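A.B. asks: For reference, the sequence and a predicted model appear below.
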Amino acid sequence: METTKIKIQFITLTIFGIMLTACGGVPEEGAKIAGEEKAFSVEEVLEMVAKENDVTRTLYTKAIVGKGKAQGMKFDEDWRKDDVEAGPLPALFLRGVATSIRKSPVPLGLYLGSDFPVNAANKFEGKQAELFNEIKKDEKPQFFYDEDQKLHTAMFADLASAGACVSCHNDHPQTAKSDWKLGDVMGATTWQYPKDSLSYKETIAVLNSYAKGTVEIYMEYLDEIDAFKDSEKPEIGKKWPAEGNYLPTPEVFLDSVRKLASYETMKQLVASK
Amino acid sequence: MFKVSPLRKRQVIGGIIGLLIGSTLFYLFTLDATEEYISIGPMNKGHQDLSCVTCHNDAKGNLMQQVQSNISHAFGARSQGVDFGTQNVTVDNCLECHDRANDRHPTYRFSEPRFKQAVKVIDATTCITCHSEHNDKERVSLKTANYCMNCHQDLVVEKDPIDISHKDLIAKEEWNTCIQCHDFHGNHRYEVPTKIKDTIPLLDVQKYFNGEDDPYGTDKKYIALSQEEWLKEIDKN
């Protein structure tokens, strides 16, 4: 009788065990990429994407905003409002890129701040304010681990690289500082990523998400132009504002960014161990 | 053959009846028609026509896989457990219908470290801090409307258009007045008054939070997707 009872318990347990293990479980998140070799530290990747950002922002500020204004094109902080016919200012262009990145599956955060922002809500506080003081001294990037959110965080100097940066900020009615000069550290970009190292594939995904973000916000600008009722619409094609009332297509714009940034990025990518 | 005692026989019959009732209930409660009985409360204003799956996506794997994975996790055989039945609702679920390019306060911006203190007071990184669901008609679940004070203490407005300046309103800590002109997400098209007496009364704003008429007007730049539109978007992607 006792043996029978043990047999039944054994059979029940075996069936239960088989049922539990036979289906294989839900594949673990990241199990696929866990096997991929980590090629870059998060600091290296954020430096790469920050460099691309520098090139993109400088190109947009100089070649689109600066030259565009000379052609009579308008750029405004309220560019999304229905009654405003204008394009995004460089800071809002960056915010558009950041928004697009957040919609992508890449867990990359991008923010812009300053100690003298036009909008007081963008003023650095706490750890960022502390590190920004260091950045202003030597213009070198600063890295820290955000314990609260468990995110690797990097800050990079945002320089007054074009005359348009200086003149717009100095002349803005709400500016907190009106003596900006070319080359000044006007602010810093802050980047966040959850992992301490990235595979080659993850690195490319980060770079691509940034590039896709620039195209998306630039396309939004072109859509805005398309909806202009009272303002003259620039011709969209291969030409740039330096040549007249023209704007490049998103492809032409991205191609120029790639030409300017690809050498530095490629050097870093091929230097992977 | 085994000799079955009457007591054991009753146990077996009871077990079979329990299994049958359990299976029937499981089947019935997974039908679309019975959704309201398993919901923890009536849907909020604007969400009345949504079915559960709009927000509660099925968790990955089948039930057996989910059980196995969580047991494995409990015994340390895998690093993470998995959602059981349905996935947790996240900001991404909300944004599938409510994402707007003109959002003045998108949730992701508050992940920046400088908002650390503000987020401790009001966690604006997630929608449900202000918009908790299943509260019957409600739009905003906050009890107060003074939340602007957490980030805008240093606000300066040049050529201030309002009769009592923003500077004075902040100095007097009149934080409830912000919402009387500015809707938090900035999606309404409306004329902003220039006199405090002409602003939207706070009581009307509170009624709006509780599901009554929209005092900012009905002219909006972006309209959230309906369930049908959302399904079409999913099919496209």
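C.D. replies: Here it is on my side, so go on. Residues are numbered from 1 along each chain as shown, chains lettered A, B, ... in the order given.

A.B. asks: For chain B, give me the ranges with low pLDDT.
C.D. replies: Applying pLDDT under 70 to chain B picks out residues B:1-2.

A.B. asks: any idea how it splits into domains?
C.D. replies: Chain B breaks down into these domains under automatic domain parsing: B:7-38, B:89-236.

A.B. asks: and residue A:221, which of these is closest to it?
C.D. replies: Shortest distance between residue A:221 and the domains of chain B, using C-beta to C-beta, is found for domain B:89-236: 11.3 Å. Every residue, glycine included, has its C-beta placed from N, CA and C.

A.B. asks: now check the closest one, is it near chain A?
C.D. replies: Yes - where contact is defined by C-beta under 8 Å from any C-beta of the partner chain, part of domain B:89-236 touches chain A, namely B:95, B:99, B:101-102, B:106, B:108-109, B:111-114, B:116-117, B:151-152, B:154-159, B:189, B:221.

A.B. asks: list the helices and strands the longest helix anywhere in chain A packs on?
C.D. replies: Ranked by number of residues, the top helix in chain A under DSSP state H is helix A:200-226. Contact partners of helix A:200-226 among helices and strands, from 3 or more C-beta pairs under 8 Å, 6 or more residues apart in numbering or on different chains; DSSP states H and E: strand A:38-41, helix A:42-59, strand A:87-88, helix A:90-103, helix A:250-270.

A.B. asks: what distance separates the start and the end of stretch A:142-157?
C.D. replies: Taking C-alpha to C-alpha, to the nearest Å, stretch A:142-157 runs 9 Å from one end to the other.

A.B. asks: Buried ones in it, by neighbour count?
C.D. replies: A:142, A:146, A:149, A:151-157 (16 or more other C-beta atoms under 10 Å in any protein chain shown).

A.B. asks: Show me which of the residues you listed is closest to chain B.
C.D. replies: Minimum distance to chain B across those is 5.4 Å, recorded for residue A:146 (C-beta to the nearest C-beta).

A.B. asks: So the nearest residue to that closest one once chain neighbours are set aside, which state does it fall into?
C.D. replies: Among residues not flanking residue A:146 along the chain, residue A:153 sits closest, at 4.8 Å (C-beta to C-beta, 6 or more residues apart in numbering or on different chains). What DSSP: H, G, I helix; E, B strand; the rest coil gives for residue A:153 is strand.

A.B. asks: residues near the closest residue to residue B:192 other than its chain neighbours, how many?
C.D. replies: Distance criterion C-beta to C-beta, 6+ apart; nearest residue to residue B:192, sequence neighbours excluded, is residue B:181 at 5.2 Å. Residues lying near residue B:181 (other C-beta atoms under 10 Å in any protein chain shown) number 18.

A.B. asks: coming back round to it: quick check: which of the helices and strands packed on helix A:200-226 is buried the most?
C.D. replies: Stretch with highest mean neighbour count among the helices and strands packed on helix A:200-226: strand A:87-88 (a mean of 24; mean count of other C-beta atoms under 10 Å in any protein chain shown).

A.B. asks: What about residue B:36, how many residues nearby?
C.D. replies: Using other C-beta under 10 Å, residue B:36 has 10 other residues around it.

A.B. asks: can you tell me the helix or strand for it?
C.D. replies: Under the criterion of DSSP states H and E, residue B:36 resides in helix B:35-38.

A.B. asks: nearest to chain B, of the helices and strands packed on helix A:200-226?
C.D. replies: Judged by C-beta to the nearest C-beta, the one of the helices and strands packed on helix A:200-226 that comes nearest to chain B is helix A:90-103, at 4.4 Å.

A.B. asks: what comes into contact with that closest one?
C.D. replies: Applying C-beta atoms under 8 Å, 6 or more residues apart in numbering or on different chains, the external contacts of helix A:90-103 come out as A:53, A:56-57, A:60-61, A:65, A:77, A:79, A:88, A:108-112, A:118, A:164-165, A:189, A:209-210, A:212-214, A:216-218, A:220-221, B:95, B:99, B:101, B:106, B:108.

A.B. asks: Can you name the next helix or strand after it?
C.D. replies: strand A:109-113.

A.B. asks: what angle do that following strand and helix A:42-59 make?
C.D. replies: If you take axes from the mean of the first three to the mean of the last three C-alpha atoms, to 10 degrees, strand A:109-113 sits at 50 degrees to helix A:42-59.

A.B. asks: what mean pLDDT does strand A:109-113 have?
C.D. replies: The average pLDDT for strand A:109-113 rounds to 96.

A.B. asks: Where is the longest helix in chain B?
C.D. replies: Criterion DSSP H: the longest helix present in chain B is helix B:6-28.

A.B. asks: Could you export it as PDB, CA atoms only?
C.D. replies: Below are the C-alpha coordinates for helix B:6-28, written out as PDB (Å, rounded to 0.1, in the frame of the first residue of the first chain):
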ATOM      1  CA  PRO B   6     -15.500   6.300  -0.200                       C
ATOM      2  CA  LEU B   7     -13.700   9.300   1.300                       C
ATOM      3  CA  ARG B   8     -11.100   9.300  -1.500                       C
ATOM      4  CA  LYS B   9     -14.000   8.900  -4.100                       C
ATOM      5  CA  ARG B  10     -15.600  12.000  -2.800                       C
ATOM      6  CA  GLN B  11     -12.300  13.900  -3.000                       C
ATOM      7  CA  VAL B  12     -11.900  12.800  -6.700                       C
ATOM      8  CA  ILE B  13     -15.500  13.800  -7.600                       C
ATOM      9  CA  GLY B  14     -14.900  17.100  -5.800                       C
ATOM     10  CA  GLY B  15     -11.700  17.700  -7.700                       C
ATOM     11  CA  ILE B  16     -13.300  17.000 -11.000                       C
ATOM     12  CA  ILE B  17     -16.200  19.300 -10.300                       C
ATOM     13  CA  GLY B  18     -13.800  22.000  -9.200                       C
ATOM     14  CA  LEU B  19     -11.700  21.600 -12.300                       C
ATOM     15  CA  LEU B  20     -14.900  21.800 -14.500                       C
ATOM     16  CA  ILE B  21     -16.100  25.000 -12.700                       C
ATOM     17  CA  GLY B  22     -12.600  26.500 -12.900                       C
ATOM     18  CA  SER B  23     -12.300  25.800 -16.600                       C
ATOM     19  CA  THR B  24     -15.800  27.200 -17.300                       C
ATOM     20  CA  LEU B  25     -15.100  30.400 -15.400                       C
ATOM     21  CA  PHE B  26     -11.700  30.700 -17.100                       C
ATOM     22  CA  TYR B  27     -13.400  30.400 -20.500                       C
ATOM     23  CA  LEU B  28     -16.200  32.800 -19.600                       C
END
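
A.B. asks: check which helix or strand covers the closest residue to residue A:169 other than its chain neighbours.
C.D. replies: The shortest distance from residue A:169 to any non-neighbouring residue, by C-beta to C-beta, 6+ apart, is to residue A:180 (5.1 Å). For residue A:180, there is no helix or strand it lies in under DSSP H and E.
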